[in-house]
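**Student:** Any chance you can model this:
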Amino acid sequence: MIIKDFPKIKSPFIRKLDENNNYVITPEIEPGYEWVFEDTSVMAVEKLHGTNVSIIIQDGVITAIFNRTERIPFFNKGKAHIIKGLLESYERGYMEKLLDGQHFGELIGEKINGNPYKIKGNLWIPFESYAQEHLAYKSWGKYPKDFETISNWFKDDLIPLYACRVSGKEGRESGFVEGVVFTSKDGRMAKLRKDMYSWFSGHRHKEEEK
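**Tutor:** Numbers count the residues shown, from 1 in each chain. Have a look, this model is predicted:
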């Protein structure tokens, strides 16, 4: 089996450096990403702020674990939290629908990006099952898909779906939400984060213009 790294996901809007040297999105649609706004089957799924971990399943058994392209041994000292996060995911039944192949997900929790979801321990969230089933925005597609409407949605009304599942009403009011991953039935993906907008005033991802 050929092991793949999770592909770099681009914004559906063209990004440029602004007067403050921030790499922000513009109203121009990135060529080839019109599908985000035109394909009615596209899902908008909450983008979790963790680290990408994939597992290899063969004959129904997990045979390998990767953090990006680094293979993670089951017995280890420095990456034990990854193994614990996968075990917790398995115990919760998050892997039951995963067939043979390579499956990507986001590991969140302690030791990862300051644990913005404030969960105890670590947990692996598979993208193609749990995230798409429980963290998809049902409101996507019910409103105009123009730049201004999406910007206002991100600024004022982007519900922290995962935080809601963890903390209920408290999570809805003050929970962390980073952004959205758009995914199509044929596997294409695009992403938008709050910090890609010029109005964002918090800490931004460090990304070079590409």
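**Student:** For this protein, name the helix or strand with the lowest mean pLDDT.
**Tutor:** helix 169-174 (a mean of 88; mean pLDDT, DSSP states H and E).
**Student:** would you put the C-alpha positions of that one in PDB?
**Tutor:** C-alpha atoms of helix 169-174 as PDB (Å, rounded to 0.1, in the frame of the first residue of the first chain):
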ATOM      1  CA  LYS A 169     -24.700  25.700  25.900                       C
ATOM      2  CA  GLU A 170     -21.400  26.900  27.400                       C
ATOM      3  CA  GLY A 171     -19.500  25.500  24.300                       C
ATOM      4  CA  ARG A 172     -21.900  27.200  22.000                       C
ATOM      5  CA  GLU A 173     -21.400  30.600  23.600                       C
ATOM      6  CA  SER A 174     -17.700  30.600  24.200                       C
END
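**Student:** Check which helices and strands it sits against.
**Tutor:** Counting contacts by 3 or more Cβ pairs under 8 Å, 6 or more residues apart in numbering; DSSP states H and E, helix 169-174 packs against helix 161-167. C-beta coordinates here come from the backbone N, C-alpha and C atoms, glycine included.
**Student:** State the mean pLDDT of the helix it packs on.
**Tutor:** For helix 161-167, mean pLDDT is 95.
**Student:** So which other helices or strands are in contact with it?
**Tutor:** Short answer (3+ Cβ pairs under 8 Å, 6+ apart): helix 161-167 packs on helix 169-174.
**Student:** and the helix it packs on, which residues are buried?
**Tutor:** Judged by neighbour count using 16 or more other Cβ atoms under 10 Å, the buried positions of helix 169-174 are residue 171.
**Student:** and if you look at stretch 101-113?
**Tutor:** 102-109, 112.
**Student:** Report the two of those separated the most.
**Tutor:** For these, the farthest-apart pair by Cβ to Cβ is 102 and 109; their separation is 22.2 Å.
**Student:** OK, contacts around the most centrally placed residue in the chain?
**Tutor:** Closest residue to the average C-alpha location of the chain: residue 47 at 2.9 Å, with Cα atoms, centre = their mean. Shown in contact with residue 47 (Cβ atoms under 8 Å, 6 or more residues apart in numbering): 178-181, 191, 193.
**Student:** Kindly recompute the last result at 6 Å.
**Tutor:** Applying Cβ atoms under 6 Å, 6 or more residues apart in numbering to residue 47 gives the contacts 178-181, 191.
**Student:** ok, then the element right after the helix ranked longest in the chain?
**Tutor:** For the chain, the helix with the greatest residue count under DSSP state H is helix 80-91. Remark: after helix 80-91, the chain's next helix or strand is strand 101-109, criterion DSSP states H and E.
**Student:** List the contacts of residue 50.
**Tutor:** 106-108, 112.
**Student:** how about 10 Å then?
**Tutor:** Taking Cβ atoms under 10 Å, 6 or more residues apart in numbering as the criterion, residue 50 is in contact with 85, 105-109, 112-113, 115-117, 122-125, 178.
**Student:** for this protein, which spans come out with low pLDDT?
**Tutor:** Within the chain, the stretches with pLDDT under 70 are 1-3, 207-210.
**Student:** if you set the cut-off to 80 instead, what comes out?
**Tutor:** 1-7, 206-210 (pLDDT under 80).
**Student:** what does the domain assignment say about it?
**Tutor:** 13-48+135-196, 51-132 (automatic domain parsing).
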